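1. After the sequence you'll find the predicted model.
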Amino acid sequence: MTRLRYLPGSVLPRGSIMQAWLCLALLLSSQLAAGLPAWAQDAAARKDAAKKLSERHWHSQLHRLQGLVLDNRRLGDFLGPIMRHEYTLPMSQIQKSLVYMGSNYRLRRVVHDLILGRRPIKVGAIGGSITHGAKASVIGETDWFSLVGKYLKAAFPRATISTRNGALPATPSALMNMCLEQYVDDDVDLVFVEYVANDGANRFDEIKAKVYERLLRKLLLRPSRPAVVLLQLMPKGMAFAPGSREKVPFYATLEDIYGAQAQYYDLPWLSYRNAMWRLTELHTYGYNWTDFMWDVDFMHPIDSGMAAISDMVAHLIQQTALGLLLTPLGRADRELMQEPLPQPMFAGNWQAKNLMCTYGEAFKPLADVNNSKGWDFINEGKLGSPKWGYISRTPGSTLKIVVNSMRNQDGKQQDGDAPQDSKNQPMNVMLAYLKSYDSMGMAKFECTSGCTCEAKPEVDALHSLHQSTVYLVRLLVSQAPKCQITITVLDRTRSEQHKFKVSICCVCMWVCWEQGVVPPAAVLVSCTAQSIE
């Protein structure tokens, strides 16, 4: 019979904890008496005291766990390496970051196999510039995903772990929905999904929520049945100073509607907003947003913020490991793994089958340069983060893109083909353009040869947000082996300039068959991915 008991002798002396609390209380009371705002007085000393107190809390927690005995073995013998993580944030803030855990059956299976080291484990991440590593001092070392990789390898010494960062800077979830196969391994075991920061602050944006759901469904339906963790960061403006014109309130984020999908599909949900808000917005212990965020845009975390994100992931892994000790992997987990994926949370929001995604330098050959004029293929990025695309600054310039818009591009029957009328169904062609806050112009998108589509007569690349992000234009195109799409820079502009950049082309089709379920006839149409312009 399994017995769980506690050995009190392993706990840190209570006196040390009480002394730390007393020192902190005296420090705070002396500052409050000075008459200046508490957060402005001796911030360094207050943060140092808070850090030491936090270290004592985590140290005490570790010793308490090591004092627990399961079948005459200390928990430290089972979980020692897993629990040895140097936390940046106080315990209370980390606990707030774990919003939803659910049955956690997919991650339980992965952590179980990591502990035993019985098979190689692949870990991936998708998202925007933050996950790519922007503003980390050393990308590949101090960004949050690299820190998580280091933690996993130290926590599970018996396991063989490989990591792949598939994040694309300045891109929304809609793009990854079209290009997933290129940035996530087919046999991945664990995937972190980070898109709240790039998808915007409009919590009522149902179109983006639907695109996000289709992305999740594609991940969850992979043959490897990976564990998927929703890592929710913050939209631009949430870390701005209170009272500033563009300050985004706590609730103004897509995180909560994306979080509803975490609960619907029973996936862990981690929240950077929840972890940081009280600590930084209320200046608890003297902390401010500048301690964790880049002070130019207050959107990208610096090294300390990256470490805080890795804290959130480490805490989830630790809680999962503890759960496995109390409730070992068993029949209930296997039954959950065998359950089919539920129908979409948004009715009829079935995922599409991706046929083509060209990004970066691979996009260049799609242009018919002999019949185009006024466009140049330019890299606006930097080493390690290229940003290739066709750019024009001159009204009347035309760029001609030629794509294969056939449903059966290899001449073979595609999995998921509609049983009838598939040749007459239009295909979904998505073209990505840069949207920014300065110097941007407008362009027209139309089908001009080999295929037909409803034109987009005026696509505006200027917006008021002080950030540069990729947006998508959707064209429902008739099927053709050579479909020519022409992009023309317009005379009209709201910025007095005419810059327009096109960088990505994607083609996808509707998936009619999913795990033996046929969607209703009303939804047997082309891919439902929608424009987010």
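-> Looks like it came in fine. Numbers count the residues shown, from 1 in each chain.

2. from here on, contacts and neighbour counts on C-alpha atoms
-> Fine.

3. Who are the contact partners of the most centrally placed residue in the chain?
-> Centroid check for the chain by Cα atoms, centre = their mean gives residue 194 as the closest residue, at 1.0 Å. Counting by Cα atoms under 8 Å, 6 or more residues apart in numbering, residue 194 touches 125-128, 131, 230-233.

4. Leaving aside the residues adjacent along the chain, what's closest to it?
-> Closest residue to residue 194 apart from its sequence neighbours, by Cα to Cα, 6 or more residues apart in numbering: residue 127 at 4.5 Å.

5. My read is that that neighbour contacts residue 168, right?
-> Yes. In this structure, residue 127 is within contact of residue 168 by Cα atoms under 8 Å, at 6.3 Å.

6. quick revisit: tell me which of the contacts of residue 194 is nearest to residue 373?
-> Set against residue 373, the nearest of the contacts of residue 194 by Cα to Cα is residue 128 (31.7 Å).

7. Which residue lies closest in space to the closest one, excluding its sequence neighbours?
-> In space, and not counting its chain neighbours, residue 128 is closest to residue 169: 4.4 Å by Cα to Cα, 6+ apart.

8. so who does that neighbour touch?
-> Shown in contact with residue 169 (Cα under 8 Å, 6+ apart): 127-130, 132, 385.

9. which among the contacts of residue 194 gets closest to residue 399?
-> Distance to residue 399 across these (Cα to Cα) is lowest for residue 128, with 27.2 Å.

10. that older thread, which ChimeraX command selects the buried ones in the contacts of residue 169?
-> One line in ChimeraX is enough to select the buried members of these, burial here meaning 16 or more other Cα atoms under 10 Å:
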select :127,128,129,130,132
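
11. Now flag whichever of the contacts of residue 169 is closest to residue 444.
-> Of all these, residue 444 sits closest to residue 128, with 27.2 Å by Cα to Cα.

12. which element follows the helix or strand encompassing residue 333 toward the C-terminus?
-> Taking DSSP states H and E as the definition, residue 333 sits inside helix 331-338. Heading C-terminal from helix 331-338, the first helix or strand you meet, by DSSP H and E, is strand 352-359.

13. list the helices and strands that next one packs on?
-> Applying 3 or more Cα pairs under 8 Å, 6 or more residues apart in numbering; DSSP states H and E, one finds that strand 352-359 contacts helix 173-183, strand 500-510.

14. buried set for the very next helix or strand once past it?
-> Sequence-wise, the next helix or strand downstream of strand 352-359 (DSSP H and E) is strand 376-379. For strand 376-379, the neighbour count (16+ other Cα under 10 Å) marks 376-378 as buried.

15. Could you dump the residues you listed into CSV with distance to residue 109 and pLDDT added?
-> Listed next are these as CSV, based on distance: Cα to Cα, whole Å; pLDDT from 0 to 100:
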residue, distance to residue 109, pLDDT
376, 49, 98
377, 46, 98
378, 45, 97
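
16. mind giving me CSV with those and columns for distance to residue 499?
-> Formatted as CSV, those follow (distance: Cα to Cα, whole Å):
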residue, distance to residue 499
376, 12
377, 13
378, 13
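
17. if we take these, which one ends up nearest to residue 154?
-> residue 378 (41.4 Å).

18. doesn't residue 392 make contact with that closest one?
-> No. Using Cα under 8 Å, residue 378 makes no contact with residue 392, being 9.9 Å away.

19. In the chain, where is pLDDT below threshold?
-> 1-43, 410-422, 510-533 (pLDDT under 70).

20. Mind doing that once more with 50?
-> Applying pLDDT under 50 to the chain picks out residues 1-36, 39, 414-420, 511-533.

21. mind listing the helices for it?
-> Counting by DSSP state H, the chain has helices at residues 14-32, 43-67, 75-83, 91-97, 105-116, 129-132, 144-155, 173-183, 196-199, 206-220, 255-264, 272-281, 303-326, 331-338.

22. so which of those gets nearest residue 425?
-> Per Cα to Cα, nearest to residue 425 of those: helix 173-183, 18.6 Å.

23. Determine the set of other helices and strands touching the closest one.
-> Helices and strands touching helix 173-183, by 3+ Cα pairs under 8 Å, 6+ apart, are helix 206-220, strand 352-359, strand 500-510.

24. any idea of the angle it forms with strand 352-359?
-> Computed with axes from the mean of the first three to the mean of the last three Cα atoms, to 10 degrees, the direction of helix 173-183 lies at 80 degrees from that of strand 352-359.

25. in stretch 370-389, what counts as buried?
-> By neighbour count on 16+ other Cα under 10 Å, the buried set for stretch 370-389 is 372-378, 387-389.

26. any chance of the helices of the chain in CSV, plus distance to residue 424?
-> Output for the helices of the chain, formatted as CSV (distance: least, Cα to Cα, whole Å):
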stretch, distance to residue 424
helix 14-32, 72
helix 43-67, 62
helix 75-83, 55
helix 91-97, 49
helix 105-116, 40
helix 129-132, 39
helix 144-155, 44
helix 173-183, 22
helix 196-199, 33
helix 206-220, 24
helix 255-264, 33
helix 272-281, 46
helix 303-326, 47
helix 331-338, 36
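
27. Return the distance of stretch 48-67 from the chain's centre.
-> On the basis of Cα atoms, centre = their mean, to the nearest Å, stretch 48-67 sits 30 Å off its chain's mean C-alpha point.

28. So residue 401 sits against residue 371, correct?
-> No. Contact criterion Cα under 8 Å: residue 401 and residue 371 do not qualify, at 9.9 Å.

29. before we move on, the earlier item: any idea which of the buried residues of strand 376-379 is the one closest to residue 356?
-> Out of the buried residues of strand 376-379, the member with the shortest distance to residue 356 (by Cα to Cα) is residue 377, at 20.2 Å.
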